[in-house]
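Visitor: Give the three-dimensional model of this entry:
(one chain, ligands or ions: 1)
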Amino acid sequence: MTRVLLLGGTGDALRIARQLGSRHVYSLAGLGKVPDDLSCGVRVGGFGGSEGMARYIADERIGLVVDATHPYAAQISANAAKASGAVGVPCWALRRQGWKPQAGDDWRMVGDWAELTAALAPFNRPLFTLGREPLAHLDEIPPQQFWTVRCLDTYEGSPRARILATRGPFTLKGERMLFSAEAFDVVVSKNSGGSATEAKLEVARERGLPVVMLRRPELPAVDREFASVADLLEALQVSG
Ligand code: NAP
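Guide: Okay, the predicted model is just below:
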């Protein structure tokens, strides 16, 4: 029976991992919570680039790599495609659809941090929802801005920033309360897709707020792509 190496670190990947039996392996970078209630094996930490992953695939007699990492985790996805190709093992990927702007939405697409800060120049109260990257730029906050940064990390912050160390999913009710309490004037987001963090876009729409959206990175071609967990699980037909 084919032994699966599932690359995760997302809610979708965890849903897949919950269906895998003991011979399969769920791999995490180690930045977030490590589940301790899975039937499958769990390994934590980098492989050491694509060469390291290729060695792992060969040593552990993996027969299929499944990339269910976040759409912005471009390095591990590139490594997965390269490593599996190098050892002649198929690579499948869950490629979650991005969100689409709806009528009246004001999305300002940016490609990198420099474009992002330029797009934020007219605003005073941005809500950052794209992970820890803003934490490295807290000493660059323009004088007129106060930042709110929502990410997994707890952090001391700065007098001109508030760090919200919370983990999704986020409800519409909770987002409405947050937005009205903090009076944000712009939302900064990745186009992650899925429902877990989508409520902020709905609240931005309700309040007529612009969204500065970081473009998705290019991801490698793989042997099979799936748009949903259900489709992937059906194709896997996994069992222990
Ligand atoms: P990345 O830039 O693509 O990967 C950086 C390095 O982290 C990889 O080269 C690899 O190290 C290691 N790594 C990443 N995912 C791994 C996994 N599942 N198993 C083992 N090693 C892994 O990734 P990232 O953007 O830092 O994301 C790290 C993790 O957080 C991923 O699991 C991703 O799914 C999750 N995540 C990311 C985001 C996001 O916005 N980027 C959001 C939610 C969750 P080696 O080269 O040493 O193998």
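
Visitor: neighbours around L120, how many?
Guide: 22 (other C-beta atoms under 10 Å). The C-beta positions use only the backbone N, C-alpha and C, and glycine is treated the same way.

Visitor: Residues of this structure that sit close to the ligand?
Guide: Taking C-beta under 6 Å from any ligand atom as the contact definition, the chain meets the ligand at 7-10, 27-29, 31, 46-49, 52-53, 69-70, 72-76, 79, 131, 190.

Visitor: Turn the buried ones among the residues you listed into a named ChimeraX selection, would you?
Guide: Buried members of the residues of the chain next to the ligand, defined by 16 or more other C-beta atoms under 10 Å, are picked up in ChimeraX with:
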select :7,8,9,10,27,28,29,47,53,69,70,72,73,76,79,131,190
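
Visitor: quick one: average pLDDT of the top helix by length along the chain?
Guide: Ranked by residue count, the top helix of the chain under DSSP state H comes out as helix 74-87. The average pLDDT within helix 74-87 is 98.

Visitor: who touches I76 in this structure?
Guide: 7, 29, 67, 69 (C-beta atoms under 8 Å, 6 or more residues apart in numbering).

Visitor: Does the third one touch A80 like I think?
Guide: Right, the one you point to is D67. Yes: contact between D67 and A80 holds when scored by C-beta atoms under 8 Å: they sit 4.5 Å apart.

Visitor: Mutual contacts of the two, please.
Guide: 7, 91, 93, 222.

Visitor: Is the first one in contact with T69, as I believe?
Guide: The reference is to L7. Yes: if you go by C-beta under 8 Å, L7 and T69 touch, sitting 5.1 Å apart.

Visitor: any common contacting residues for these two?
Guide: Contact with both L7 and T69 is made by residues 13, 76, 80, according to C-beta under 8 Å, 6+ apart.

Visitor: Where do the domain boundaries of this protein fall?
Guide: What automatic domain parsing lists as the domains of the chain is 4-97+217-239, 107-214.

Visitor: chain center to stretch 51-70: distance?
Guide: How far stretch 51-70 lies from its chain's middle: 20 Å, per C-alpha atoms, centre = their mean, to the nearest Å.

Visitor: what's in contact with it?
Guide: Applying C-beta under 8 Å, 6+ apart, the set of residues contacting stretch 51-70 is 2-10, 12-13, 16, 25, 46-47, 76-77, 79-84, 86-87, 89-94, 192, 222, 232, 236.

Visitor: If any of these are buried, put those into a PyMOL selection.
Guide: PyMOL command restricting the contacts of stretch 51-70 to the buried ones, with burial defined by 16+ other C-beta under 10 Å:
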select buried, resi 4+5+6+7+8+9+10+12+13+16+25+47+76+77+79+80+81+82+83+84+89+91+92+93+94+192+222+232+236
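
Visitor: Give me the subset of the contacts of stretch 51-70 lying in strands.
Guide: The members of the contacts of stretch 51-70 that map onto strands under DSSP state E are 4-7, 25, 91-94.

Visitor: Rebuild the residues you listed as a markdown table, extending it with pLDDT and distance to K200.
Guide: Formatted as a markdown table, the ones in strands among the contacts of stretch 51-70 follow (pLDDT from 0 to 100; distance: C-beta to C-beta, whole Å):
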| residue | pLDDT | distance to K200 |
| --- | --- | --- |
| V4 | 98 | 33 |
| L5 | 98 | 33 |
| L6 | 98 | 28 |
| L7 | 98 | 26 |
| V25 | 98 | 33 |
| C91 | 98 | 32 |
| W92 | 98 | 30 |
| A93 | 98 | 26 |
| L94 | 98 | 22 |
